[in-house]
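Student: below are the sequence and a predicted model for it; my questions follow.
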Amino acid sequence: MSAYGTFPGSRPRRLRSSAVMRRMVAETRLHPADLVLPAFVREDISEPVEIGSMPGVYQHTRDTLRKAAAEAVAAGISGIMLFGVPEEAKKDALGTAGTDPDGILQQALRDVRSEVGDDLLVMSDLCLDEFTDHGHCGVLTADGRVDNDATLERYAEMAQVQADAGAHVVGPSGMMDGQIGVVRDALDRTGHEDVAVLAYTAKYSSAFYGPFREAVGSSLKGDRKTYQQDAANARESLRELALDLSEGADMVMVKPAGPYLDILAKVAEASDVPVAAYQISGEYAMIEAAAQRGWIDRDPAVLESLTGIKRAGAQIILTYWATEVARKLG
Ligand code: PBG
């Protein structure tokens, strides 16, 4: 008994008293099957190129991408999300390389699909920004605005060529109004009823995308604030969720993850389909950079960031650490 009689009457520390006790009472457990690896494949290189602002992440050649996919299978993760980086000379105003059946992304989809078969979900970013010379996620009007409905036609075409190339899942990430319905319809019309749509439902205009823009050699000047959401707003994510569900989304995603855990929790509460979160390039870069300087302990920081995302409600997590973390969890 303590000097205070029976005080404290309750001792929550008992449940934290040993590693095995903490393990037993843990409410959130990361599992390799939760994880999806985003990966970049670049057209004009013969060796992989490390991305300066994302140490440990590479622009792959077609060959090294196949290897990364095989490693992802061995590690037991669920999917790989592919981003294509075309030759600079192939970028144009319409993002033609994004719908070319022999464009880099389509080649990579075929490569990876033949490497992994159905042992890993092959996913593709469905967006024009990697392929346009102006760097926007859509096509532009004569006066330079992003033309929503003309862009939808390009997305419909992209959905078909990506599915033809072997994508199990397409991820429309351009935040155009109506994109999920148009993509679903294009897939159904072309015999791809079984290809799933992972909707970027709540995608915020974020400074944390910075390193990604280096990763894909983006030509963007200006910003995406007329189509990506404003960090100040939560309600519109629920509106976007309702729209995406009504248009046929099979899974919905919140992005970025770390700075938007409140949004993730709200979307997870309201969604009746699986919820994903994308831990983006800047979230990766911050932890790696701080760790390189010895300012934080990298491995526990990585796990803590992912546990927080899962605890907030994500069932599926896209993270550049997917393979590494899955091996450790293994
Ligand atoms: C758009 C897209 C972006 C990311 C994924 N898909 C960039 C953007 O919207 O600017 C960012 C991913 C990351 O930062 O890790 N194609």
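Tutor: It's in.

Student: for this structure, what spans make up the strands?
Tutor: Across the chain, reading from the start of the chain, the strands by DSSP state E fall at 35-42, 49-50, 58-60, 79-85, 121-126, 169-172, 196-203, 251-255, 275-278, 316-318.

Student: can you tell which of the ones you listed is closest to the ligand?
Tutor: Closest to the ligand of those is strand 121-126 (C-beta to the nearest ligand atom; 5.1 Å). C-betas here are computed from N, CA, C, even on glycine.

Student: measure how the closest one sits relative to strand 196-203, angle-wise.
Tutor: With axes from the mean of the first three to the mean of the last three C-alpha atoms, to 10 degrees as the basis, strand 121-126 and strand 196-203 are set at 50 degrees to each other.

Student: ok, the closest residue to Ala196 other than its chain neighbours to the ligand distance?
Tutor: Spatial nearest neighbour of Ala196, excluding adjacent residues (C-beta to C-beta, 6 or more residues apart in numbering): Asp250 at 4.2 Å. Using C-beta to the nearest ligand atom, to the nearest Å, one gets 18 Å for the distance from Asp250 to the ligand.

Student: show me the contacts for Asp250.
Tutor: Under the criterion of C-beta atoms under 8 Å, 6 or more residues apart in numbering, the contact list for Asp250 reads Val169, Ala196, Val197, Leu198, Ala199, Val273, Pro274.

Student: how about the helix or strand bottoming out on mean pLDDT in the chain and the ligand, touching?
Tutor: Among the secondary structure pieces of the chain, namely its helices and strands, helix 210-215 has the lowest mean (mean pLDDT, DSSP states H and E), a mean of 92. Yes: legend: contact between helix 210-215 and the ligand by C-beta under 6 Å from any ligand atom is shown at Phe212.

Student: buried residues of that helix, list them for me.
Tutor: Pro211, Phe212, Ala215 (16 or more other C-beta atoms under 10 Å).

Student: can you give me the helices in this protein?
Tutor: Here the chain has its helices, by DSSP state H, at 19-25, 62-75, 104-116, 148-164, 179-189, 210-215, 235-247, 261-270, 281-292, 298-312, 322-329.

Student: among those, which gets the worst mean confidence?
Tutor: Here these differ in mean pLDDT, and the lowest is helix 210-215 at a mean of 92.

Student: for that helix, which outside residues touch it?
Tutor: Outside of helix 210-215, the residues within contact range by C-beta under 8 Å, 6+ apart are 40, 51-54, 57, 59, 83, 85, 218, 220, 280-282, 284-285.

Student: again, 10 Å this time
Tutor: The contact list for helix 210-215, computed with C-beta atoms under 10 Å, 6 or more residues apart in numbering, reads 38-40, 42, 49, 51-55, 57-59, 83, 85, 129-130, 135, 206, 209, 218-220, 280-286, 288-289, 320.

Student: what of stretch 235-243?
Tutor: Contacts with stretch 235-243, where a contact means C-beta under 10 Å, 6+ apart, come from 175, 177-181, 199-204, 229-230, 233, 249, 252, 254, 260, 262-264, 266-267, 269-271, 273, 275.

Student: with only the CA atoms kept, save it in PDB.
Tutor: Once non-C-alpha atoms are left out, stretch 235-243 reads as follows in PDB (Å, rounded to 0.1, in the frame of the first residue of the first chain):
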ATOM      1  CA  ARG A 235     -15.900  18.400 -44.800                       C
ATOM      2  CA  GLU A 236     -15.200  18.200 -48.500                       C
ATOM      3  CA  SER A 237     -13.400  14.900 -48.000                       C
ATOM      4  CA  LEU A 238     -16.700  13.400 -46.900                       C
ATOM      5  CA  ARG A 239     -18.300  14.900 -50.000                       C
ATOM      6  CA  GLU A 240     -15.600  13.400 -52.200                       C
ATOM      7  CA  LEU A 241     -16.000  10.100 -50.400                       C
ATOM      8  CA  ALA A 242     -19.800  10.000 -51.100                       C
ATOM      9  CA  LEU A 243     -19.100  10.900 -54.800                       C
END
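
Student: pretty sure Gln59 contacts Ile51?
Tutor: Yes: look at Gln59 against Ile51 with C-beta atoms under 10 Å: they come within range, at 6.4 Å.

Student: in stretch 106-123, what's buried?
Tutor: 106-113, 115-116, 120-123.

Student: from Glu47, how far off is Ser305?
Tutor: With distances defined as C-beta to C-beta, to the nearest Å, the gap from Ser305 to Glu47 amounts to 30 Å.

Student: could you pick out the residues of the stretch 101-250 of the chain near the ligand for me?
Tutor: Going by C-beta under 6 Å from any ligand atom, the residues of the stretch 101-250 of the chain near the ligand are Asp125, Cys127, Asp129, Cys137, Ser173, Tyr209, Phe212, Arg224.

Student: now, the most widely separated pair of those?
Tutor: Maximum pairwise distance in those, criterion C-beta to C-beta, is 14.5 Å, between Asp125 and Arg224.

Student: those two: who's more crowded?
Tutor: Neighbour tally, Asp125 and Arg224, criterion other C-beta atoms under 10 Å: the higher count belongs to Asp125, 25 against 21.
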